[in-house]
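Peer 1: here's a sequence, model it:
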Amino acid sequence: MATPPAGTTEQIEAWFDDHGLPYFTGDRADTVEGWLSSKRIVAVIVLIVGVSVAAGFAVGAAWSDRGSLGTAVGVLVFLALLGLFAGRLLRMGTMLRWAVRRTFSSLGLMFPLLTRALPLLLLAVTFLFINAEVWQVAALMPRHVLWIAVAFFAAIAAVFLLVRLPEEVREVERDVVGPRVAECCAGTPAEDAARQVTAVPPDLPRFARANLVLVLLFNQAIQVLLLSLGLFAFFVVFGSLTIPDSTVEAWTGQPVSDLPSSLGRLVPVTNDLWQVSVFLSAFAGLYFTVYAVTDETYRSQFFAGVSTELEQAVAVNAVYVSLNRESS
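Peer 2: Next comes the predicted model:
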């Protein structure tokens with residue numbers, strides 16, 4: 001058997017990092033698993049919660065008439081610290097960067113997928129947008145409650161994705177066997193080694209499988225975010241052109257209010273329109289996520305676009321494990 005080129009293992013590990021797969025490298029996965037399985041993770045979460053609550057109380061005490069501001073600051077601090085922890089120690093920043101690069105490099109492929117859901121989605125949310133009850137709920141909602149509702153929609157969408165995505169990963173694992181390993185390694189640092197080592201695809205370790213699920217989750221989440229932002233802009237423009245303040249006052253029973261001065265200078269719309277637009281665009285994101293999970297045609301088209309990356313990851317991992325096994 002020919003010897004694989006020197007440095008192949010290091011090149012494969014660099015390829016893993018570049019493709020948002022840090023958990024495919026054994027020592028990194030072991031480090032993350034050690035953190036998550038130890039008592040230190042509990043201490044970190046308690047510290048993050050404590051700092052966030054303290055920041056919220058401090059802001060609330062400084063501006064006693066702006067209780068919602070304290071809540072918002074507490075939530076933002078919590079998300080920032082949790083994101084820093086996940087991005088640095090759990091290396092999720094690597095996965096997110098790959099998902100962002102892939103999404104923006106394939107925008108031309110994304111639009112045909114979105115247009116399958118947009119007609120019914122626009123019909124549903126536009127009907128809600130001109131519904132008085134929706135304005136009574138969303139426009140009069142305290143700002144911190146609005147963001148809690150948005151976070152709730154996002155959490156439900158993530159649950160739907162996390163239920164479905166592991167099945168797609170397992171299906172790819174079952175397909176990459178035998179000669180498919182060398183075929184899928186084409187164009188990767190493992191291409192030459194795949195023809196020289198006995199690459200029997202092992203079952204992916206649980207953290208490697210979780211890594212694939214997470215990059216799929218981030219990829220889909222960015223698509224949903226872009227869709228929601230587009231719909232938010234649509235609602236703001238549509239509402240500004242078609243719904244006068246007198247109609248809003250009739251619907252809500254309250255005078256139309258302005259956005260805070262700092263935000264109002266950037267977005268010259270009423271607070272009522274802003275809140276309704278945020279609420280409905282978040283709801284539309286949840287609707288689109290459920291559609292993406294349940295519609296067979298959309299799923300087949302979406303996963304046709306990422307299946308090559310998944311198959312490459314499974315095949316390159318098989319070669320990587322085989323190289324480490326033969327060198328030990």
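
Peer 1: from memory Trp15 sits against Thr188, does it?
Peer 2: Yes - contact criterion Cβ atoms under 8 Å: Trp15 and Thr188 qualify, at 5.9 Å. No exception for glycine: its C-beta is placed from N, CA and C like everyone else's.

Peer 1: how about the strands in this structure?
Peer 2: Residue ranges of strands cannot be listed for the chain, since DSSP state E assigns none.

Peer 1: overlap of the contact sets of Trp15 and Thr188?
Peer 2: Common neighbours of Trp15 and Thr188, counting by Cβ atoms under 8 Å, 6 or more residues apart in numbering, are Val316.

Peer 1: how near is Ala158 to Leu21?
Peer 2: 20 Å (Cβ to Cβ, to the nearest Å).

Peer 1: swap in Ala55?
Peer 2: Between Ala55 and Leu21 the distance, using Cβ to Cβ, works out to 35 Å.

Peer 1: just want to know which of the two has more residues nearby.
Peer 2: More crowded of Ala55 and Leu21, by other Cβ atoms under 10 Å: Leu21, with 26 against 19.

Peer 1: give me phi/psi at that one?
Peer 2: Per-residue torsions, Leu21: phi -130, psi 60 (degrees, to the nearest 10).

Peer 1: ok, it - contacts?
Peer 2: For Leu21, counting by Cβ under 8 Å, 6+ apart, the contacting residues are Thr94, Met95, Ala208, Asn211, Leu212, Val215, Ala313.

Peer 1: check the gap between it and Glu309 for me.
Peer 2: For Leu21, the distance to Glu309 equals 9 Å [Cβ to Cβ].

Peer 1: what are the ranges of the helices in the stretch 151-300 of the chain?
Peer 2: Along the stretch 151-300 of the chain, counting by DSSP state H, counting those that start in this stretch, helices occupy 180-184, 191-194, 206-242, 245-252, 261-264, 271-294, 296-327.

Peer 1: pick the most deeply packed of those helices.
Peer 2: For these, the largest average neighbour count (mean count of other Cβ atoms under 10 Å) is found in helix 271-294, namely a mean of 22.

Peer 1: what packs against that helix?
Peer 2: Secondary structure elements in contact with helix 271-294, counted by 3 or more Cβ pairs under 8 Å, 6 or more residues apart in numbering; DSSP states H and E, are helix 107-129, helix 132-138, helix 143-175, helix 206-242, helix 245-252, helix 296-327.

Peer 1: please repeat the previous calculation with a cut-off of 6 Å.
Peer 2: Counting by 3 or more Cβ pairs under 6 Å, 6 or more residues apart in numbering; DSSP states H and E, the packing neighbours recorded for helix 271-294 are helix 107-129, helix 132-138, helix 143-175, helix 206-242.

Peer 1: hey, least reliable of the ones you listed by pLDDT?
Peer 2: For these, the bottom mean pLDDT is recorded on helix 107-129, which sits at a mean of 73.

Peer 1: closest to Pro268 out of the helices and strands packed on helix 271-294?
Peer 2: Proximity of those to Pro268 was assessed by Cβ to Cβ; the nearest stretch is helix 206-242, lying at 8.5 Å.

Peer 1: just want the angle from that closest one to helix 143-175.
Peer 2: Between helix 206-242 and helix 143-175, the angle comes out at 140 degrees (axes from the mean of the first three to the mean of the last three Cα atoms, to 10 degrees).

Peer 1: neighbours of Phe127, how many?
Peer 2: Phe127 is flanked by 10 other residues according to other Cβ under 10 Å.

Peer 1: ugh, wrong one, I meant Val42
Peer 2: Val42 - counted by other Cβ under 10 Å - has 9 other residues nearby.

Peer 1: what sits against it?
Peer 2: Taking Cβ atoms under 6 Å, 6 or more residues apart in numbering, we find Val42 in contact with no residue.

Peer 1: identify the residues contacting Phe153.
Peer 2: Phe153 makes contacts with Ala282, Leu286, as judged by Cβ under 6 Å, 6+ apart.

Peer 1: please apply the same query to Val256.
Peer 2: Listed by Cβ under 6 Å, 6+ apart, the contact partners of Val256 are Asp245, Val248, Glu249, Thr270, Asp272.

Peer 1: one more pass at 10 Å, please.
Peer 2: Residues in contact with Val256, defined by Cβ atoms under 10 Å, 6 or more residues apart in numbering, are Ala139, Pro244, Asp245, Ser246, Thr247, Val248, Glu249, Thr270, Asn271, Asp272, Leu273.

Peer 1: could you save those as JSON lines and add columns showing pLDDT and distance to Ala233?
Peer 2: Listed next are these as JSON lines, based on pLDDT from 0 to 100; distance: Cβ to Cβ, whole Å:
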{"residue": "Ala139", "pLDDT": "90", "distance to Ala233": "18"}
{"residue": "Pro244", "pLDDT": "90", "distance to Ala233": "20"}
{"residue": "Asp245", "pLDDT": "90", "distance to Ala233": "20"}
{"residue": "Ser246", "pLDDT": "91", "distance to Ala233": "24"}
{"residue": "Thr247", "pLDDT": "92", "distance to Ala233": "21"}
{"residue": "Val248", "pLDDT": "90", "distance to Ala233": "19"}
{"residue": "Glu249", "pLDDT": "91", "distance to Ala233": "24"}
{"residue": "Thr270", "pLDDT": "89", "distance to Ala233": "16"}
{"residue": "Asn271", "pLDDT": "89", "distance to Ala233": "17"}
{"residue": "Asp272", "pLDDT": "92", "distance to Ala233": "17"}
{"residue": "Leu273", "pLDDT": "92", "distance to Ala233": "12"}
